[in-house]
Structure formats: structure tokens, C-alpha cells
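Asks: after the sequence you'll find the predicted model.
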Amino acid sequence: MSKLQPARGTRDIYGEDARNMTAVVDTFRRVAGTYGFEELATPIFEFTEVYKRPLGEASDIVSKEMYTFEDRGGEEVTLRPEFTAGVCRAFISNGMQQKLPCRLMSHGPAFRYERPQKGRYRQFHQINAELLGQDSPEADIDMIAMAWRLLKDLGLGDKVMLHLNTLGDKESRADYRAALVAYFEGHKEKLSEDSLRRLESNPLRILDSKDESDKEVVANAPKLSEHLNDASSAFFETVKKGLEAVGVPYNHDERLVRGMDYYCHTAFEFVTTELGAQGTVLGGGRYDGLIEQLGGPAVAGVGWAGGIERLAMLSEAGGEPARPVVIMPMGEAGTMKGLEVAETLRGEGFVVTADRSGNMKKRMNRADKANAAFAVIIGDNEVEQGVVTLKRLDSGEQSEVAFADLATAIKTN
RNA sequence: GCGGGUAUAGCUCAGUUGGUUAGAGCACCAGAUUGUGAUUCUGGGGGCCGCCGGUUCAAAUCCGGUUACUCGCCCCA
């Protein structure tokens, strides 16, 4: 057992995992591209202020979830825990409000100092899409439709379910929050210890508590849908109608909430039951107050982020790598000719590697393990005659082929 | 930060009521075949039994601690 391990909550990604994750990102790029999104790569760390300001000093998030450091120049910096704040900062920094709307896609690592679990790492990877500068419900529909198309393209149409809710506008939210707190205050004796704390810090979170006694209390709690003002319910109705129009199945989940108060209207999550407690595979919503809170103009925003590891685990979209052609030169002349032949074949689009060490048996053995389709043997005999010995590894049959005919012979075999 | 489970070879795992040189399969290396693989046969390398301490004549095995992994809780921007 080696003592050299990656740091807690981090891991090396290679082989099948790497292929699956790459496939998720490739699919994301292609799909988001068809919705007019362009790439924005922000730094993976920012001044701590960028992440801290929208959250409020005292929250658990700031105090125990962020990777925060003081750098050598004495600056407080934080490894990005999510994409949205950094994207909004980039939007402000680069004056992007000059050409609204902005459709921005990003992907890469993010960091949270948490206890690792299945599908939850300290360094994890996300795909992220933000649509800035559209405050109409149709923008929300576009975003959800795009997420749904991505999930379907990843083969997850049957494995995930869309949970949808509205948080209403500022006024509706404040109204509801007050009603909710009043209700829970009257049922304190039945609430769990955790929820009593939440009553102070984040009452909406009591709604998705996993405690059985809490669930009983929640069942009769006032509903947000009963506290929506006209504008808010009209907004939500449009979103629902739009989803039906574009064929995205959804489930109105009144317990789906967001804690931070820059969120408004649409909140959604695509959830699977196949990943234990970490069922959310992609989630997002509308955050019209965020950019202003960061010190920018009043620009509306709606976006989502998806966990690449979780999506990759479910979809296994990576497939197998292309089968290589392995060059096996024998002798000096063969080695030189082998270099030349390899380059020619690569130019034709083949995956070509060379195995120049060991006896023929070893080389064949390695070629077999590499899942090679062909072995190309080039010895002194072959060089003299201007041919190679081409062996098809699946059948074991082999024949001599002129240099000039090699690419064609491989293609047609 | 809090609770449960697990820790034996590169991987997956056996290992009896504590008992003498700790096993298997797969993988790896070599040979049978010095220019022909995947099948077969023969042989081989590899383990401080996570770590530290305790009980005992004796610990992979029992006890305590610790670390890592894992499942859940908190949190989830």
C-alpha cells in the first residue's frame, strides 16, 4: 500500500473516467453551441470578496466550505467554489453589458472543503451556462430546454427527473418567508435540532429536511404558491406552458428552494435516484439580483451548472478509444522506414504507435493488450522488397503489402 | 463539524474458537516458441495483514487510539 495518495477529496482521472468526462464536456459544448453560447474561461481563483459578498459573512458556506488563502502578496483569494459569481465578475470587468444578452458557457474544476461522499469531491468539475440580460420567462425556458437536450444526448433521458419550482419575486418571497417563520414558530416542539437552527439561519431549508418529524410539520406548512403575487404567478405559468410547448417533462416540487436572497422566480434541478444522497446532477435558476450585488449594473441572469463527475458516472458516454495500428520495425533499415510509414498513416487519419523493443512475441503481446487492430512488421527483408507485412490481429491472417498500398489495405480490411 | 461500516499482494477477495513458513483468482515476469499475440502448459517475483499502543506464552484475528476509504447527517453559493 503506497503512502503516496492524492489529497483528501481529490483523485486522479484517467482511462475510462477521463473518456466519460471528456464526452460530457464535448456534448455540452456542442449542445450549448446550438443555443448560441460562447466560451468564457474565468480564473479558477478570485479575490475572496467575489464569492463572499453575495453570500454574507456569517454563513456556513463562507466559514467552512471555501478554500481560502492569503497569497504571498497578502491578498485574500479563494479557489472557485462555483462558476456563477466568477462569470458575473467577468461580465462586469469586461463591460459585457454593452452587447446584451450574453450567452456564456464554461467548464472546469471547482473546489469546496467538504467531507467527501459518493459523487462529492473537494475538487470536482462542472459545466456551466449563464444567460445574462434577459428577464423574460422565455429565457428560463430556453435554459431548461438546453439542459434537457444535453441530458438526453448523454443518454440520461430516462434516468433523471426535472424538479421545478418558483421562488417568486422579492415581494412574494418576503411575504412567504414571514408566513413560513410564523408557522414554524408555532410548531417548534416538533422540529428537529437542525431545523430549529435553520429557523434562524435559513428557514426555507426546513422545507427539504430529511428528518421524519420535520416532514410531518412541513406537510401542512404554508405553500409558496399561495403567496405569489400576480406578476410572479404569471411568470411561473409562462415557464410551465413553455416547457410543455418544447416537450420537457417536469414535476412541480414546492419543497425545492434556494437559500440566497438574490434568487428569484425559477429554480430547478435534474435529479437521479442512482447516486445516493448526491442526486442532483444539474441545477440552476434565476438570479436577477446577483450582478448588482457584486457592484455591477442591474442585469437579469438565469443559469445552471452540472456536475461532470456525476453526469459521467451515469452516462458512460465515453466509449472506447480508436484501435491503433502498431508498427513493429526490425533492424536499422526497418526502424527508419517504420518512422516514415507511421507518419504517412497518421496523415491518413489512423491512430499509429510504434513498438521498437523486445522480441516479436512481446510486441505482439503488447499490441494485443493495446487492442490494436493491425500490426505492421517492417524488417530488412521487407525494406529490400519495398513491402511491409500487414497482420490483422483479430483473425491472425497476414500478407505482404507494398508501401504505397498500405493505407488502402488497412482501410479495406 | 457529527454518526455508522470497512482496511490482508498491482486489482477483487478468502483466512476457522487467537496457534507455528498468510492463501486464491486475475494481473505481472520468464520459459515451452531467438520474426508472430489473445488459448494451453511449466516456473517465478511480489504482503511491517493501514499505522501506534495494549492484553497474551502466542495477534491478520481480541481491546483502545489514530489515519485513510466508504455510506449517511450538517452544508449545498
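Replies: Arrived safely.
Asks: low-confidence ranges, chain A, go.
Replies: A:1-4, A:57-58, A:276-277 (pLDDT under 70).
Asks: domain parsing for it?
Replies: Listed domain ranges for chain A are A:15-169+A:229-315, A:325-412 (source: automatic domain parsing).
Asks: possible to save these as JSON lines with distance to RNA strand B and mean neighbour count?
Replies: Any C-beta I mention is one placed from the backbone N, CA and C, and that applies to glycine too. Shown next, in JSON lines, are these (distance: least, C-beta to the nearest atom of the strand, whole Å; neighbours: other C-beta atoms under 10 Å):
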{"stretch": "domain A:15-169+A:229-315", "distance to RNA strand B": "2", "mean neighbour count": "18"}
{"stretch": "domain A:325-412", "distance to RNA strand B": "2", "mean neighbour count": "16"}
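Asks: show me the strands in the stretch 51-200 of chain A, by range?
Replies: Remark: strands assigned in the stretch 51-200 of chain A by DSSP state E, counting those that start in this stretch are A:68-70, A:76-79, A:102-111, A:123-132, A:161-166.
Asks: of all those strands, which one is nearest A:Ser395?
Replies: strand A:123-132 (41.2 Å; C-beta to C-beta).
Asks: the inter-axis angle of the closest one versus strand A:102-111?
Replies: Inter-element angle recorded for strand A:123-132 and strand A:102-111: 160 degrees (by axes from the mean of the first three to the mean of the last three C-alpha atoms, to 10 degrees).
Asks: which strands and helices lie in contact with strand A:123-132?
Replies: Counting contacts by 3 or more C-beta pairs under 8 Å, 6 or more residues apart in numbering; DSSP states H and E, strand A:123-132 packs against helix A:15-34, helix A:84-93, strand A:102-111, helix A:137-153, strand A:301-307, helix A:308-315.
Asks: within the sheet, what are the partner strands of it, with directions?
Replies: strand A:102-111 (antiparallel), strand A:301-307 (antiparallel) (DSSP bridges).
Asks: not counting its neighbours along the chain, what's nearest A:His107?
Replies: A:Ile127 (4.5 Å; C-beta to C-beta, 6 or more residues apart in numbering).
Asks: which ones are touching the one you found?
Replies: A:24-25, A:28, A:105-107, A:305-306, A:308, A:311 (C-beta atoms under 8 Å, 6 or more residues apart in numbering).
Asks: do that again at 10 Å, thanks
Replies: A:24-25, A:27-29, A:31-32, A:83, A:105-108, A:147, A:150, A:282, A:304-308, A:311 (C-beta atoms under 10 Å, 6 or more residues apart in numbering).
Asks: what of A:Gly285?
Replies: So A:Gly285 contacts A:140, A:143-144, A:164-167, A:256, A:258, A:263-269, A:301-304 (C-beta under 10 Å, 6+ apart).
Asks: same deal with A:Pro43?
Replies: A:50, A:77, A:79-80, A:86, A:89-90, A:108.
Asks: identify the bridge partners of A:Gly301.
Replies: Residues in beta-bridge contact with A:Gly301 (DSSP bridges): A:Leu132.
Asks: same question for A:Arg286.
Replies: According to DSSP bridges, beta-bridge pairing links A:Arg286 with A:Cys264, A:Val302.
Asks: end-to-end on stretch A:129-147?
Replies: 9 Å (C-alpha to C-alpha, to the nearest Å).
Asks: now do that stretch: distance to the chain's middle.
Replies: Here stretch A:129-147 is found 18 Å from its chain centre; the criterion is C-alpha atoms, centre = their mean, to the nearest Å.
Asks: re the thing from before, can you add distance to A:Asn371 and give the strands of the stretch 51-200 of chain A back as JSON lines?
Replies: Converted to JSON lines, the strands of the stretch 51-200 of chain A look like this (distance: least, C-beta to C-beta, whole Å):
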{"stretch": "strand A:68-70", "distance to A:Asn371": "44"}
{"stretch": "strand A:76-79", "distance to A:Asn371": "38"}
{"stretch": "strand A:102-111", "distance to A:Asn371": "29"}
{"stretch": "strand A:123-132", "distance to A:Asn371": "27"}
{"stretch": "strand A:161-166", "distance to A:Asn371": "37"}
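Asks: next, A:Thr412: phi, psi?
Replies: phi -90, psi -10 (degrees, to the nearest 10).
Asks: and it, how far from A:Ala32?
Replies: 39 Å (C-beta to C-beta, to the nearest Å).
Asks: ok, now A:Ile377?
Replies: 46 Å.
Asks: next one: A:Pro6
Replies: 30 Å.
Asks: and for A:Leu207, the neighbour number?
Replies: 22 (other C-beta atoms under 10 Å).
Asks: tell me the secondary structure of it, please.
Replies: Counting by DSSP: H, G, I helix; E, B strand; the rest coil, the backbone at A:Leu207 sits in helix.
Asks: pull the contacting residues for it.
Replies: With C-beta under 10 Å, 6+ apart, A:Leu207 has these contacts: A:165, A:180, A:184, A:195, A:198, A:214-215, A:218, A:221, A:223-224, A:253-257.
Asks: one more: A:Ile61?
Replies: A:51-52, A:55, A:81-82, A:112, A:259-260.
Asks: A:Thr68 too?
Replies: Taking C-beta under 10 Å, 6+ apart, one finds A:45, A:48, A:51-52, A:62, A:76-79, A:81, A:113 in contact with A:Thr68.
Asks: for A:Ser315, same thing?
Replies: Per C-beta under 10 Å, 6+ apart, neighbours of A:Ser315: A:20, A:23-24, A:27, A:151, A:153-156, A:159, A:281.
Asks: distance of the closest residue to it other than its chain neighbours from A:Gly318?
Replies: Excluding the flanking residues, the one nearest A:Ser315 by C-beta to C-beta, 6+ apart is A:Leu154, at 4.1 Å. Using C-beta to C-beta, we find A:Leu154 at a distance of 11 Å from A:Gly318.
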